[in-house]
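A.B. asks: Based on what follows, work out the 3D shape:
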Amino acid sequence: MDFGKSQNRSRKTFSIFASFIMCCLGTSLMISSIATQFWFQSGCKLGEEVSSKSQVYFGLFAGKTSLSKLSSTQYYTKIVCDGGDCMFSCARTADLRREHLKRVKEGTADGFVSVNCDVIGGDSNRALRAQVPAAAALPLMTLSGRALEEGEESDLLASESGSSSTTQEVPTSPEFMSYGLWVGTISCLAIGMVFAVVGALFAVINTATTPVEFITGVPGLYIWNSMAALFNLICVILWAVQFHQHLTKNVLLYDADAGWTTKGMEVFGYSYWLVVVAIIVHIANIVIIFVGTYERKAKEEVRKPEEKSVNLMLY
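C.D. replies: Sure, this is the predicted structure:
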């Protein structure tokens, strides 16, 4: 009997120590998901042509955009929110990022990036658009070198605008991220991390001692791991809703006028899948605790009533 009790005690201690390791693993996964910038990833297209060297990715707070066609353009972005809408802006300061968001909403962001962002490289499409106003100020010339009269110039401009309107797509209104979903994702991930840390601390306590209280004992370990898995699950669901509702059209809000788009090329980044793995870790931890601490109740043997002796002593 003593050997059996000692074996059960060792099994329980080992399982609780394993629970500590699993809680630490879950916490590490959640910290990595917040620290990395790959909750969203996508390739980029210029019109209908896929650019193999272009990509955009971002995490919950920052990201990077690389556009490459005739020349390469790279800029780092940070999240900015206002009025329930969020986007990733490349502006240098928080005030400029809010101004950038405001201009994108109003449709007046043309030229903002070249002045207020630290752009690595040069964008031939943006440079071409910058040259258009200067070229428009010059008088239009005929093939023979004669300058067009005012009436002829207006007719030519009208015919060119009519032909170009049939070939260019009308830009659609930008689709911003939801502030509520973004805050909910971060909040649930942070709460899940707190429960994972609490679970690790109480696992250490249960390894060294045997707490009497319900919440600090083995039942508490079930609660901490269940809550961590639950809030991680809510976090994953909220970002999935954000992704499908607001990130599948075109996240290149201020490059769309140059023809760039991410539509149809979006995927969840590995930072998102780290949270999914953390959910699996905490569920596995619950199973480990159950297997290691479950004890069958010993059945008490019921003694049969002693039968009265049929042999009576006669005196």
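A.B. asks: any idea where the strands of the stretch 151-300 of the chain begin and end?
C.D. replies: Ranges of strands in the stretch 151-300 of the chain, per DSSP state E, counting those that start in this stretch, are 177-178, 260-261, 266-268.
A.B. asks: tell me the mean pLDDT for the second one?
C.D. replies: By that I understand strand 260-261. Model confidence over strand 260-261 averages 94 on the pLDDT scale.
A.B. asks: now the strands of the stretch 151-300 of the chain as TSV including mean neighbour count and distance to Cys44?
C.D. replies: In short, each C-beta sits where N, CA and C put it, glycine included. Below are those laid out as TSV (neighbours: other C-beta atoms under 10 Å; distance: least, C-beta to C-beta, whole Å):
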stretch	mean neighbour count	distance to Cys44
strand 177-178	20	18
strand 260-261	22	6
strand 266-268	16	11
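A.B. asks: residues contacting the nearest residue to Lys249 once chain neighbours are set aside?
C.D. replies: Distance criterion C-beta to C-beta, 6 or more residues apart in numbering; nearest residue to Lys249, sequence neighbours excluded, is Glu175 at 4.5 Å. With contacts defined as C-beta atoms under 8 Å, 6 or more residues apart in numbering, Glu175 is in contact with His246, Leu247, Lys249, Asn250, Leu253.
A.B. asks: Can you tell me which of those residues are buried?
C.D. replies: In these, burial by neighbour count holds for His246, Leu247, Lys249, Asn250, Leu253, counting by 16 or more other C-beta atoms under 10 Å.
A.B. asks: Off-centre distance for stretch 277-284?
C.D. replies: Stretch 277-284 sits 18 Å away from the centroid of its parent chain (C-alpha atoms, centre = their mean, to the nearest Å).
A.B. asks: now the helices for the stretch 101-250 of the chain?
C.D. replies: 112-116, 124-136, 150-167, 179-208, 218-246 (DSSP state H, counting those that start in this stretch).
A.B. asks: and these, which one's lowest on average pLDDT?
C.D. replies: Among the helices of the stretch 101-250 of the chain, helix 124-136 scores lowest, at a mean of 40.
A.B. asks: about what we covered before: just want the phi and psi numbers for the residue nearest to Lys249.
C.D. replies: phi -110, psi 110 (degrees, to the nearest 10).
A.B. asks: so how many other residues sit close to the nearest residue to Gln74 once chain neighbours are set aside?
C.D. replies: Spatially, and ignoring its direct neighbours in sequence, Gln74 is nearest to Ile120 (4.2 Å; C-beta to C-beta, 6+ apart). Neighbourhood size, Ile120 [other C-beta atoms under 10 Å]: 12.
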